[in-house]
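S.K.: attaching a predicted model along with its sequence, questions to come.
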Amino acid sequence: MRRVVFHLTERLISCCRALGQIADPTAIEPLARMLAPGGFLSLRKKQSSAVRAAAGFALAQISDPRVVEALAPYVDDRDPRIRQVARVLVKK
């Protein structure tokens, strides 16, 4: 089971990176769901911090005002990577 979760986590990170590079605003909602602590298609109750960080960085690459709304709740996140991305974009 751990192996399956690892591969799923790696694929989710790759998907986040690809969505960030494409920078299509239609990716905002799915990325925001992946950023949420409960996760998106997560096999666990908590989403991997690496997946959450990848989703946050991907959102930061999309030029759309809704990104700030999606990241605003995370300015005080426990994960420093997510917190930093959220704070930088919310301050703009």
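M.R.: Yep, it's here.

S.K.: go through stretch 72-87 and flag the buried ones.
M.R.: Residues Y74, V75, D77, D79, I82, R83, Q84, V85, A86 are the ones in stretch 72-87 that count as buried (16 or more other Cβ atoms under 10 Å). Quick note: C-beta positions are derived from backbone N, CA and C, even for glycine.

S.K.: pLDDT (mean, whole number) over it?
M.R.: Average pLDDT, stretch 72-87: 94.

S.K.: look at that stretch and report the distance between its end residues.
M.R.: Using Cα to Cα, to the nearest Å, the end-to-end distance of stretch 72-87 comes to 8 Å.

S.K.: pick out the most distant pair among the buried residues of stretch 72-87.
M.R.: Farthest-apart pair in the buried residues of stretch 72-87 is V75 and D79; separation 11.8 Å (Cβ to Cβ).

S.K.: my guess is R17 contacts G56. True?
M.R.: No. Counting by Cβ atoms under 8 Å, R17 does not reach G56; the two are 11.7 Å apart.
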